[in-house]
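Visitor: Next comes the sequence, and after it the predicted model I'd like to discuss.
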Amino acid sequence: MFPRPDPVSQDEVEKLSTDQARVVQKMRRFSMVSGLVMALGIASILGVIGYRMMRGKATKAGDITATLPKGARIVSTAVADRLLVVTLDVGGTPEIRTYDLATLTPAGRLTFAVAP
């Protein structure tokens, strides 16, 4: 589509005067610095976008149904350190389940065994 410029031969480069060579070198340096500044700018923008995506807010809990084992009954509930603590009685054995208060996802489970 467009005619390609003829590659510059080594003889033509040697024909440059010292002033011309200095200008060519200065332009090369300028284009390298410009490219580095542009790459740094793009990297910083991508870094900010990544930071904002990773720091996204947690989703709010909606209607959630937690299933309990058959025959279990809730003994008590409490809120402590951003956790919802539910104490259960499962067939005579106590069990403590914790849920994240913001999302109501299970955070842990503590079961007790009765030693004979």
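Guide: Everything's here; your move.
Visitor: Distance from stretch 100-111 to the middle of the chain?
Guide: For stretch 100-111, the gap between its own C-alpha mean and the chain's C-alpha mean amounts to 23 Å (CA atoms, centre = their mean, to the nearest Å).
Visitor: mind listing what residue 88 touches?
Guide: With contact taken as CB atoms under 8 Å, 6 or more residues apart in numbering, residue 88 is in contact with 68, 69, 72, 73, 74, 75, 94, 95, 96, 97. Just so you know, the C-beta spots here come from the backbone N, C-alpha and C atoms, and that holds for glycine as well.
Visitor: Run through the chain and note the low-pLDDT ranges.
Guide: Judged against pLDDT under 70, the low-scoring parts of the chain cover residues 1-14, 56-61, 114.
Visitor: In CSV, list the C-alpha atoms belonging to the one helix or strand residue 89 maps to.
Guide: Element membership of residue 89, judged by DSSP states H and E, is strand 83-90. What follows is strand 83-90, C-alpha atoms only, in CSV (Å, rounded to 0.1, in the frame of the first residue of the first chain):
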residue,chain,number,x,y,z
LEU,A,83,-18.8,-13.2,63.7
LEU,A,84,-22.2,-14.7,64.3
VAL,A,85,-21.8,-17.5,66.9
VAL,A,86,-24.5,-20.1,67.0
THR,A,87,-24.5,-22.8,69.7
LEU,A,88,-26.3,-26.0,68.8
ASP,A,89,-27.3,-29.1,70.7
VAL,A,90,-27.0,-32.0,68.2
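Visitor: going forward, begin numbering at 126 instead of 1
Guide: That works, and once the first residue is 126, the last one we named lands at strand 208-215.
Visitor: Follow the chain on from it and name the next helix or strand.
Guide: The element immediately downstream of strand 208-215 (helix or strand, assigned by DSSP H and E) is strand 218-225.
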